[in-house]
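> Sequence plus the predicted model coming up.
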Amino acid sequence: MSFFSLTSVCSSLGVKSSSFTVQLGFHSNENNSFPGAFFSSPKRTKMNKFSIACFSSATDPLLVKAARGDPISRPPAWMMRQAGRYMAVYRKLAEKHPSFRDRSETTDLIVEISLQPWKAFHPDGVIIFSDILTPLPAFGVPFDIEEVRGPVIQSPIRSQDGLKALHPIELEKLQFVGESLKILRQEVGGQAAVLGFVGAPWTIATYIVEGGTTRTYTTIKSMCHTAPNLLRALLSHLTKAISEYIIYQVESGAHCIQIFDSWGGQLPPDMWEKWSKPYIKEIVSVVRSKCPQTPLVLYINGNGGLLERMKGTGVDVIGLDWTVDMADGRKRLGSDISVQGNVDPAYLFSPLPAVTEEIQRVVKCAGPRGHILNLGHGVLVGTPEEAVAHFFEVSKSLKYESSPQNHAMEESKLLV
């Protein structure tokens, strides 16, 4: 039985791990001070609330405890896009229900799809099958999804007249989300965390301003300079709507919420500080006031230049994409915030021993507290289901073990 110091892998970047050892036994098996705030707060739909979703409990799922930085026995694991086209059972269902809007806006289908990876792999988090654009029609922005172009907004908002179409979010139009979360809570019981998610204001605004997906973001980036008041008003409205939508998801049963600022990484850091961060920070403040114990995760694709700024939003967990070294991320963020990630999704196309080694490396560098194991991006189409199963098998074989020399040691050791 050999021992490998965590610092042998990670401390070249100055990372010090805590006084735990990691044992891997691989078995086969509001203020309204943010810019542009002026819209009135929408009313929330009355509903039966999951009070335990807003307050901590000794029976909280492992993922929730990890998000809060509580001591845990192993790192919880789930995957972004863990329900999707790489699964044969999903492809079969999609043939029968070819419309993505139908699949993501029909309660029975949402629940069935969300539970497909749960039944196959038993991850520690079950995320609702939905889309960041799902709430748009509920506050005045209709959209379509075309097979080739993807999401399309026929009337982009690029003027003051365009803003007139917006209204407070009508949560009764999103009951399929609330009902699905309630059912998912019942289905997984206490065995896993149920995750909800939203898009960040900047990311949602890119679709609304550009009229759909874009590679350059030139229209909205130029608006930062040519029509800043208009853009602030749009971001303000989105901030209020998204805040209400998060609270609705939590009250419907979500244990944890992930905020996707998917296109925040397209901004230079100083621009992200001005045009995205204040609005995410406001969302965190509003949600904290209603559900102070609900962990919030922030993920940005291409976030290597933004980590310290992301921490300043006040979220509980920073999701690292695969281009950030976990040890470097830990060093830059510190030990007072949890991290998520960040295995390269392409590793799942590698031989299984290579997948095992990469999981070991990531877990070592993340340390034994405040880490949620995940990919650094969503599961890729064509990923072998065998590799996904192996990912979760390995994650469940990991063990954090306190050292008897806890207080005398400055570093942890990995027992293999």
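That came through fine.
> My reading is that Ile372 lies in a strand. Confirm?
Yes: counting by DSSP: H, G, I helix; E, B strand; the rest coil, Ile372 falls inside a strand.
> is it true that it touches Arg68?
No: in this structure Ile372 lies outside contact range of Arg68 using Cβ atoms under 8 Å: 10.9 Å. C-betas here are computed from N, CA, C, even on glycine.
> Please identify which of those two sits among more neighbours.
Higher neighbour count among Ile372 and Arg68: Ile372, with 26 against 17, using other Cβ atoms under 10 Å.
> Just give the closest residue to the more buried one, not the sequence neighbours.
In this structure, Ile372 finds its nearest non-sequential neighbour in Gln340, 4.2 Å apart by Cβ to Cβ, 6 or more residues apart in numbering.
> And that neighbour, how far from Asn374?
For Gln340, the distance to Asn374 equals 5 Å [Cβ to Cβ, to the nearest Å].
> between Ile372 and Arg68, what contacts are shared?
Here Ile372 and Arg68 share the contacting residues Ser338, scored by Cβ atoms under 8 Å, 6 or more residues apart in numbering.
> Now do the contacts for Thr214.
By Cβ under 8 Å, 6+ apart, the contact set of Thr214 is Thr206.
> Name the SS class of it, please.
Thr214 ends up coil, using three-state DSSP.
> Would you list the phi and psi of it?
The phi/psi pair for Thr214 (degrees, to the nearest 10) reads phi -150, psi 160.
> quick one, phi psi at Gly341?
phi 130, psi -160.
> Leaving out sequence neighbours, find the closest residue to it.
Of all residues beyond its chain neighbours, the one nearest Gly341 is Leu320 (3.9 Å), with distances taken as Cβ to Cβ, 6+ apart.
> Tell me, how many residues neighbour Arg149?
11.
> That one touches Gly212, doesn't it?
Yes: between Arg149 and Gly212 there is a contact under Cβ under 8 Å: 6.1 Å.
> hang on, the earlier thing: pretty sure the residue nearest to Ile372 belongs to a strand, no?
Yes: when three-state DSSP is applied, Gln340 is found to be in a strand.
> ok, it to Ser252 distance?
From Gln340 across to Ser252, the span is 22 Å (Cβ to Cβ).
> Show me the beta-bridge partners of the residue nearest to Ile372.
Note on Gln340: beta-bridge partners Gly319, Ile372, judged by DSSP bridges.
> And it, how close does it get to Gly69?
With Cβ to Cβ as the criterion, Gln340 and Gly69 are 12 Å apart.
> Compare the two (neighbour count), which wins?
Shown here are Gln340 and Gly69; by other Cβ under 10 Å, Gln340 has more neighbours (30 against 17).
> show me what contacts that one?
Applying Cβ under 8 Å, 6+ apart, we find Gln340 in contact with 297, 299, 317-320, 371-374.
> Quick check: of those residues, which lies closest to Leu238?
Leu238 lies nearest to Tyr299 out of these, by Cβ to Cβ, at 17.5 Å.
> you'd agree the closest one is up against Ile259?
Yes: shown here, Tyr299 and Ile259 form a contact pair, counting by Cβ under 8 Å, at 7.2 Å.
> which residue ranges form the helices in the stretch 101-250 of the chain?
Remark: helices assigned in the stretch 101-250 of the chain by DSSP state H, counting those that start in this stretch are 107-121, 160-163, 175-188, 201-210, 218-226, 228-252.
> I'd like the mean pLDDT over the fifth one, please.
It refers to helix 218-226. Per-residue pLDDT over helix 218-226 has a mean of 98.
> Report the inter-axis angle for it versus helix 201-210.
Angle, helix 218-226 to helix 201-210, by axes from the mean of the first three to the mean of the last three Cα atoms, to 10 degrees: 110 degrees.
> chain center to helix 218-226: distance?
27 Å (Cα atoms, centre = their mean, to the nearest Å).
> Ok, the first one next?
With Cα atoms, centre = their mean as the basis, the distance from the averaged C-alpha position of helix 107-121 to the chain average is 18 Å.
> Counting by contacts, list what that helix packs against.
On a contact count with 3 or more Cβ pairs under 8 Å, 6 or more residues apart in numbering; DSSP states H and E, helix 107-121 meets helix 88-96, helix 100-105, strand 125-127, helix 175-188, helix 385-397.
> Mind exporting the C-alpha coordinates of the fourth one to CSV?
Extracted in CSV, the C-alpha atoms of helix 175-188 (Å, rounded to 0.1, in the frame of the first residue of the first chain):
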residue,chain,number,x,y,z
GLN,A,175,-46.0,25.3,-13.6
PHE,A,176,-44.5,22.4,-15.6
VAL,A,177,-41.2,23.3,-14.0
GLY,A,178,-42.6,23.5,-10.5
GLU,A,179,-44.5,20.3,-10.8
SER,A,180,-41.6,18.4,-12.3
LEU,A,181,-39.3,19.5,-9.4
LYS,A,182,-41.9,18.3,-6.9
ILE,A,183,-42.1,14.9,-8.5
LEU,A,184,-38.3,14.6,-8.8
ARG,A,185,-38.0,15.3,-5.0
GLN,A,186,-40.4,12.5,-4.4
GLU,A,187,-38.7,10.1,-6.8
VAL,A,188,-35.2,10.4,-5.5
